[in-house]
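Peer 1: need a 3D model of the sequence below.
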Amino acid sequence: MRTKFPKLLAATALGALVLALVGAGTTAQEPIPLFPPGGAPPADAQPDGADVLARGPVHEAFATSAEAAVPGPVVTKRPPEPIEELPPDQKPDGDNVQWIPGYWHWDDDAEQFLWISGCWRDTPPGRLWVPGSWREVRDGWQWAPGFWQEPDRDEPTQPEISYLPEPPASLEIGPTVAAPTATSFYVPGSWVWRTKYVWRPGVWVEYRTNWVWVPAHYRWTPLGFVFVDGYWDYALARRGVLFAPVTFARPVRPAFVYTPVYVVSEPALVGALFVRRGHGNYYFGDYFDRRYVGRGYNPWAGRVAGVTFTIGFGTGRNWGYDPLWSYYSYTRRADRDWNARVNDLYVGRYAGKVARPPVNLTQQNTVINTITNTTVNNVTNNVTVVNRTVTVNKQNVTDVAMLAPARVAPALQPEAQIKAITPEVRRSEATAAKQTRDFGAARQKAEAAALAKQPAPQPGVQVQPKSLKLEVPKAVAAKAQVKDEKKAPPPPAVKPEPRPNLKVDPKPKVDPKPKDPDPKPKVDPKPKVDPKPKVDPPPKPKDPDPKPKVDPKPKDPDPKPKVDPKPKDPDPKPKVDPKPKVDPKPKDPDPKPKVDPPKKEPDPKPKVDPPPKPKVDPPKVDPPKKEPPKKEPPKKDDKKPPTPAAPAPAERE
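Peer 2: As a prediction, the model looks like this:
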């Protein structure tokens, strides 16, 4: 049944109306005033000069796409200082819910900065939010995105972040075998670092109700690419509350405190959600115009060529994937008309035959007034929600009401169990959010310092992996700990990469390893170990003492049959070969006698004593005649030991 979707307006009527509307932008010289001390703005009120947007980026901590990471654009204009926020007076229920602070985003369409409002977020189990930040670069400023990091279980307040070389292009072509069960969904493969990049193939995974699998992905930073392994996350309606972005017509005062009061309607996202090539976050609203296709905007539910939309994704090299679409298309599989309705909505909006969403609150009010035959100044504040359907004057406006007042969020998202909170809780959340922002600033400084020490990149030379440890406030790290067992996620859909591989990253900081040829001369310090043979001369005066110790040496004839393993003892002599390289100077005579007792090096002190006695012993036993042939194998061994012995220490270094 298609009655669940609102009756869509004709594009000729609403399209002309939207084009006629222009966002109220007032040019003023005075800064935006500070809200009254100790209080938030009145309900459903915005500060003078603020324009609430009905389209824009989804907060990157709220939803993560599967797009390949690329460096962000360089903006010539300096971003404003972050705005202080006071969270709204309603919050989703849960011990792990936190207020993630907002940030400035460069809107290349309007060529201005817009503020991505903070959001309530039920932290993905076992994950810690590492905020992004703006970095000053040669030609301007560049955004380094945030990501959900898996903290160290032993040191939850000191996550170790690894920075890797740029990964190769994906090899994913979609599933090559049939699904094992009717309830399986496919997770794409990814490149993983194991001293070098190795392709980890995609797999079929069992569907889990209310759980979205976020596949492994990378996030770009000036220092390298950060690998984020796959993890389970909550469905959109359960993971928190997304608030509308805003722009300000004039600068804000340093003491300005902002509280968002309009939410992005979760039911409306199904018909107006996009991903953008090279960007890790989603976009919502009206990005249906042809020019956005050229800029890399693509529907979450399929593909578009020109203005022709096709629901779902292709096969082979044209195969595509989106974690949210993968989840919701399967969740609604029992609704035979659901895919058809989504398809009709996107096809109609791209073709201009179905009304597109408004771009800001002002336009939305005008559109709703037209649909409902009302003349209310801010009619959005009059919406009611029944069964997740937004209505005004008994008219369904769900698809055009991208925004809704925060007071109706509990009805829009009953799964989140949104409840009122006290002023004390709001202030506490604001303090924790500031600590999160400070954590992001600390990350920025640490990466900048490491980047300054890094040698300039050279053509054909791969950047070596490296790692940094950051300090996380305990209150922030605590949000990553799952306290409610009922919220514990299913087992990982894909076997996570072992952490030791990441800890190896700091070792590559010792870039000299690839320069092993150079350290060979550094092997000279090993000859410095030769001083030990230099210590041999002192034992020489003690030779008389070891002579009585020769008594145990007669036991040597017993090991002579064990001499087979002992020929391995001469092996260490080849290790001494580098020493003779030093010995030739004045110690040539010494190595010569050392040749006589090759098998008895373990007792270097009696090396002088054994020559006469072993010589006496071997004549008594035929084996001595076999000794010369045994001397030849040690020579072969001489070739073997240097292989395992010499490289081994080099690798450990």
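
Peer 1: from here on, just use CA atoms for contacts and neighbour counts.
Peer 2: Fine.

Peer 1: which non-adjacent residue is nearest residue 143?
Peer 2: Leaving out its chain neighbours, the residue that sits closest to residue 143 by Cα to Cα, 6 or more residues apart in numbering is residue 134, at 4.5 Å.

Peer 1: try residue 232
Peer 2: When the adjacent residues along the chain are set aside, residue 232 lies closest to residue 213, with 4.6 Å between them (Cα to Cα, 6+ apart).

Peer 1: name the residues that touch stretch 76-85?
Peer 2: Stretch 76-85 is contacted from outside by 101-104, 113, 118, 134, 139-141, 254-259, 430, using Cα atoms under 8 Å, 6 or more residues apart in numbering.

Peer 1: how far does it stretch from one end to the other?
Peer 2: 26 Å (Cα to Cα, to the nearest Å).

Peer 1: in it, what counts as buried?
Peer 2: 79, 83-85 (16 or more other Cα atoms under 10 Å).

Peer 1: just the mean pLDDT for stretch 174-189, thanks.
Peer 2: In this model, stretch 174-189 has a mean pLDDT of 92.

Peer 1: quote the end-to-end distance of it.
Peer 2: OK, stretch 174-189 end separation, Cα to Cα: 9 Å.

Peer 1: now swap in stretch 242-258 and tell me
Peer 2: Stretch 242-258 end-to-end distance (Cα to Cα) = 15 Å.

Peer 1: what mean pLDDT does that stretch get?
Peer 2: Averaged over stretch 242-258, pLDDT sits at 91.

Peer 1: ok, now stretch 369-377?
Peer 2: 92.

Peer 1: quick thing: my sequence starts at 2, can you match it?
Peer 2: New numbering, starting at 2: the last item is stretch 370-378.

Peer 1: mind listing what's buried in stretch 244-257?
Peer 2: So, applying 16+ other Cα under 10 Å, buried residues of stretch 244-257: 244-251, 253.

Peer 1: no, scratch that, I was asking about stretch 202-214
Peer 2: Judged by neighbour count using 16+ other Cα under 10 Å, the buried positions of stretch 202-214 are 203-206, 208-209, 211-214.

Peer 1: stretch 408-421 too?
Peer 2: 408-414, 416-419.

Peer 1: which residues are contacting that stretch?
Peer 2: With Cα under 8 Å, 6+ apart as the test, stretch 408-421 has contacts from 90-94, 238-242, 264, 266-268, 385-390.

Peer 1: can you do 6 Å?
Peer 2: 90-94, 238-239, 389 (Cα atoms under 6 Å, 6 or more residues apart in numbering).

Peer 1: could you dump the residues you listed into CSV and include neighbour count, distance to residue 50 and secondary structure?
Peer 2: Compiled in CSV, the contacts of stretch 408-421 are given as follows (neighbours: other Cα atoms under 10 Å; distance: Cα to Cα, whole Å; DSSP: H, G, I helix; E, B strand; the rest coil):
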residue, neighbour count, distance to residue 50, secondary structure
90, 18, 23, coil
91, 19, 25, strand
92, 25, 27, strand
93, 26, 29, strand
94, 17, 33, coil
238, 18, 31, helix
239, 20, 33, helix
389, 18, 31, coil
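
Peer 1: quick revisit: paired strands for the one helix or strand the residue nearest to residue 144 maps to, with orientation please.
Peer 2: For residue 135, the host element (DSSP states H and E) is strand 134-138. Using DSSP bridges, the strands paired with strand 134-138 are strand 141-145 (antiparallel).

Peer 1: now do the strand it pairs with, average pLDDT.
Peer 2: 97.

Peer 1: and the helix or strand that residue 441 is a member of, what's buried?
Peer 2: Using DSSP H and E, residue 441 sits in helix 424-454. Residues 424, 427, 430-438, 440-445, 448-449 are the ones in helix 424-454 that count as buried (16+ other Cα under 10 Å).

Peer 1: quick one on the thing from earlier: give me the neighbour count for the residue nearest to residue 144.
Peer 2: 19 (other Cα atoms under 10 Å).
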